[in-house]
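Asker: Dropping the sequence and predicted coords here.
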Amino acid sequence: MSCQNNLKQIGLAIHLFHDQYRALPPSRSYDHYTSWAFLILPNLEQENLFDGWDPQLKYYYQPDVARLTSIENYMCPSRRGGKHISTTGDDIYSAYETSGHVPGVLGDYACSAGHGPAGVWNWTNSNGAFIIGSGVTDPPTVPAWDFAPPGAKLIQWRSRTAFKNLTDGTSNTILVGEKHVRPSRFGISPEDGALYNGDHPGNFSRCGGPGYPIARFPTDTYRNNFGSSHPGICNFVLGDGSTRAVSIQISTDTLGRLTNRADGKVVPPY
């Protein structure tokens, strides 16, 4: 019940964000910057923490308070409680800009990036409700690198999706769910790194559908998939704000219909 309440509050915060911006939060504002989980903090009554973050700077240059303050709504009490910080892997994958591990708070929930072949996970052509935002940086992004150059500022960004894009219906589209993390990988990016780090999709997003089943056990192979510490079920919040405890035995086809925002397929009872 506590986990579902967390998701209910997250869903409400997403709706408030949409009321303000007429758009859903992007999965991340831009590569290397920040994730949806930070962008909705003002709607979780965390304005002071949000104001301590410079949205023009990459995750790696944010102050400690902004990166390290734990949010109770982002932790499932069935998995872990208290404050947890990433231990390994939150660094910059670039020969031009290396700072070493930059720790950040963890979280047990991830946005839905949809599903599809390798290479489309959490990118501009992903089919989930939340995908990467469109941004302009200064200096401009270098196409050969596919991310903003060292020291670049994010001058502006915008989301690519809104409720109107969930054409299968808000009640048939997953927004956020519990993310599968193997206990041996707690705190390790990109499976369970800093929740606000927009560099690593594995920290803040998950896929669900063919090839991406809900994990049945905590030790299951990590496949960028959803999963929980609750026996037999995994909790989700849908586009209409409702929460659902979904059986871990749900077919991947049905799960894929729930994560794809616009496949035009009917979702069977589940």
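Answerer: The structure has been received and is ready for your questions.
Asker: contacts, neighbours, all on C-alpha from now
Answerer: Will do.
Asker: residues touching S228, list them.
Answerer: The contact partners of S228, by CA atoms under 8 Å, 6 or more residues apart in numbering, come to 79, 178-180, 215, 218, 234-235.
Asker: all helices for the stretch 151-270 of the chain, in order.
Answerer: 201-204, 252-259 (DSSP state H, counting those that start in this stretch).
Asker: weakest of those helices in terms of mean pLDDT?
Answerer: The minimum mean pLDDT among those belongs to helix 201-204 (a mean of 94).
Asker: and S205, what does it touch?
Answerer: So S205 contacts 27, 109-113, 122, 179, 224 (CA under 8 Å, 6+ apart).
Asker: how close does it sit to D192?
Answerer: In this view, S205 and D192 are 10 Å apart by CA to CA, to the nearest Å.
Asker: do D51 as well
Answerer: Taking CA to CA, one finds D51 at 25 Å from D192.
Asker: With neighbour numbers in mind, choose between these two.
Answerer: The residue with more neighbours, out of D51 and D192, is D192; 30 against 12, by other CA atoms under 10 Å.
Asker: quick one: the more buried one and L106 touch, right?
Answerer: Yes. Shown here, D192 and L106 form a contact pair, counting by CA atoms under 8 Å, at 6.8 Å.
Asker: list the residues that contact both of these two?
Answerer: Joint contacts of D192 and L106 (CA under 8 Å, 6+ apart) are S86.
Asker: low pLDDT regions in the stretch 51-200 of the chain?
Answerer: In the predicted model of the stretch 51-200 of the chain, residues 93-99, 118-120, 144-146 satisfy pLDDT under 70.
Asker: residue ranges of the strands in it, please?
Answerer: Ranges of strands in the stretch 51-200 of the chain, per DSSP state E, counting those that start in this stretch, are 109-112, 134-138, 153-158, 174-178.
Asker: in the second one, what's buried?
Answerer: Going back to what we said before, that points to strand 134-138. 134-137 (16 or more other CA atoms under 10 Å).
Asker: now do the longest one
Answerer: Of the residues in strand 153-158, those with enough neighbours to count as buried (16+ other CA under 10 Å) are 153-154, 157-158.
Asker: Now the two most distant members of those.
Answerer: Largest separation among the buried residues of strand 153-158 by CA to CA: K153 and R158, giving 14.7 Å.
Asker: my read: V181 touches P218, true?
Answerer: Yes. Counting by CA under 8 Å, P218 is a contact partner of V181 at 6.8 Å.
Asker: Now the common contact residues for the two.
Answerer: Common neighbours of V181 and P218, using CA under 8 Å, 6+ apart, are G227.
Asker: These two: which has the busier surroundings?
Answerer: Ranked by neighbour count (other CA under 10 Å), V181 and P218 place V181 first, with 30 against 18.
Asker: Please tell me how far that one sits from P150.
Answerer: Applying CA to CA, the value for V181 to P150 is 31 Å.
Asker: go on, G193?
Answerer: Taken as CA to CA, the span from G193 to P150 is 21 Å.
Asker: So for the two, which sits in the more crowded spot?
Answerer: More crowded of G193 and P150, by other CA under 10 Å: G193, with 29 against 14.
Asker: Contacts only, for that one.
Answerer: Neighbours of G193 in contact, by CA under 8 Å, 6+ apart: 86-90, 104-106, 186-187, 200, 202-203.
Asker: Between those residues, which sits nearest Q46?
Answerer: V105 (14.5 Å).
Asker: how far away is that closest one from L7?
Answerer: Using CA to CA, we find V105 at a distance of 18 Å from L7.
Asker: Those two: which is more packed in?
Answerer: L7 (28 against 23).
Asker: Just give the closest residue to that one, not the sequence neighbours.
Answerer: Closest residue in space to L7, ignoring its immediate chain neighbours: V237 at 5.8 Å, by CA to CA, 6 or more residues apart in numbering.
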